[in-house]
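[1] Build me a model:
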Amino acid sequence: MKESFFTRTSDGQDLHTVIWRSDQSSIKGSIQLCHGMAEHIGRYEKIAHMLNQEGYHVFGHDCRGHGLTGENQGTFGDYGVNADFNRLSKDVIEVKNRCWDQRGNLFLLGHSMGSFIVRRVIQKYSYQYTGVILSGSNGPLGLIGVPATILAAVMSAVKPAEKAELLNRLSFGSYNQSFPDSKTPFDWLSSDENEVQKYIDDPMCGFVTTNRFYKVLFNGIQMIYNQKEINHIRSDLPILFVSGKDDPVGDFGKGIFKSAKIYSDAGVKSVVVHMYEHGRHEMLNETNFLQVTGDIVNWIKRVEG
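    Numbers count the residues shown, from 1 in each chain. Here you go, the predicted model:
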């Protein structure tokens, strides 16, 4: 059963929220979703139904500036004037407090931008979750991190609500170059042409975000790699990375293994990487979707013991 409503946050914003309730006789727990950039929570219906069949309720929200939250705000691709990764992570917790029925375990799954937000969540609230799944994530920004962050800050200071065409090209312009047979600008998302077309046809996907959005995003990514903040993650929090080896966002696997090592070096005891050959950015929309979701479910079951 699917239910949708708006969650009022502590700073007065309304976040479009969806719960997919399992109809299984025995409920094992819940899985909270955090979607990626320039998309929305409705794109996760397929995996939600799969997890429902396994006995899990599934819920999540449209992030500020996205989906029906963004439509309600009147702005796509802008987190808003006062938002930062601390506020976005608090949104996740406030949606959790509204939706979780306290039965069983609670897992948190974030994709791409959502994975970065989730990584801030576990720096602040790791004791509230049984385990975390990070899909389509990446490693540190490296040498480009500081100039990218400065450029976003400058452009945000001048024209905060303007569409960030330059930053968008610098961030995503090269992604399709690794796929010479590309038919669309978004072939880097998935090797499943039908899924790519669904994304293109969706009016709530593929928009260009604002300069202010990039400022918040780049500052947030710098934040999640701050060693003092990483050390706040509880050591017994199980973490699963799910990524395609052909994902340019994850630097074709290299960024994922860097992130996994950072957590392991910080003392997190269980960090697992599932890297899929020929998989692109959206492993939850890839041709081997059933394999990927099966691996996620099996990992959850192992965590639960």
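[2] what about the nearest residue to residue 176 once chain neighbours are set aside, neighbour count?
    Leaving aside its chain neighbours, residue 176 sits nearest to residue 182 (4.8 Å; criterion: Cβ to Cβ, 6 or more residues apart in numbering). To be clear about C-beta, it is placed using only N, CA and C from the backbone, and glycine gets the same treatment. Burial measure for residue 182: 14 neighbouring residues, criterion other Cβ atoms under 10 Å.
[3] before we move on, what about residue 242?
    Neighbourhood size, residue 242 [other Cβ under 10 Å]: 26.
[4] try residue 228
    Residue 228, neighbours per other Cβ under 10 Å, totals 7.
[5] With residue 299 instead?
    19.
[6] can you pull the contacts of residue 293?
    Residues in contact with residue 293 (Cβ atoms under 8 Å, 6 or more residues apart in numbering) are 47, 50-51, 284.
[7] Buried ones only from these, please, as a PyMOL command.
    Restricted to buried positions by 16 or more other Cβ atoms under 10 Å, the PyMOL selection for those reads:
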select buried, resi 47+50+51+284
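[8] In CSV, list the contacts of residue 293 along with secondary structure, distance to residue 233 and pLDDT.
    Output for the contacts of residue 293, formatted as CSV (DSSP: H, G, I helix; E, B strand; the rest coil; distance: Cβ to Cβ, whole Å; pLDDT from 0 to 100):
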residue, secondary structure, distance to residue 233, pLDDT
47, helix, 25, 97
50, helix, 28, 96
51, helix, 24, 97
284, helix, 24, 97
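[9] ok, of the contacts of residue 293, which one's closest to residue 241?
    Distance to residue 241 across these (Cβ to Cβ) is lowest for residue 284, with 13.4 Å.
[10] residues touching the nearest residue to the closest one once chain neighbours are set aside, list them.
    Nearest residue to residue 284, sequence neighbours excluded (Cβ to Cβ, 6+ apart): residue 47, at 5.4 Å. Going by Cβ under 8 Å, 6+ apart, residue 47 touches 33, 58, 284, 293.
[11] on that earlier part again, a markdown table for the contacts of residue 293, including distance to residue 103?
    Listed next are the contacts of residue 293 as a markdown table, based on distance: Cβ to Cβ, whole Å:
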| residue | distance to residue 103 |
| --- | --- |
| 47 | 20 |
| 50 | 19 |
| 51 | 14 |
| 284 | 24 |
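[12] Which pair in the contacts of residue 293 has the greatest spatial separation?
    Maximum pairwise distance in the contacts of residue 293, criterion Cβ to Cβ, is 11.1 Å, between 51 and 284.
[13] Next, count neighbours for residue 212.
    Neighbourhood size, residue 212 [other Cβ under 10 Å]: 25.
[14] Assign the one residue sitting closest to the centre of the chain to helix, strand or coil.
    When Cα atoms, centre = their mean is applied to the chain, the residue found nearest the centroid is residue 114 (2.0 Å). Following DSSP: H, G, I helix; E, B strand; the rest coil, we place residue 114 in the helix state.
[15] Using JSON lines, lay out the contacts of residue 47 together with secondary structure and distance to residue 213.
    Below are the contacts of residue 47 laid out as JSON lines (DSSP: H, G, I helix; E, B strand; the rest coil; distance: Cβ to Cβ, whole Å):
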{"residue": "33", "secondary structure": "strand", "distance to residue 213": "20"}
{"residue": "58", "secondary structure": "strand", "distance to residue 213": "26"}
{"residue": "284", "secondary structure": "helix", "distance to residue 213": "23"}
{"residue": "293", "secondary structure": "helix", "distance to residue 213": "30"}
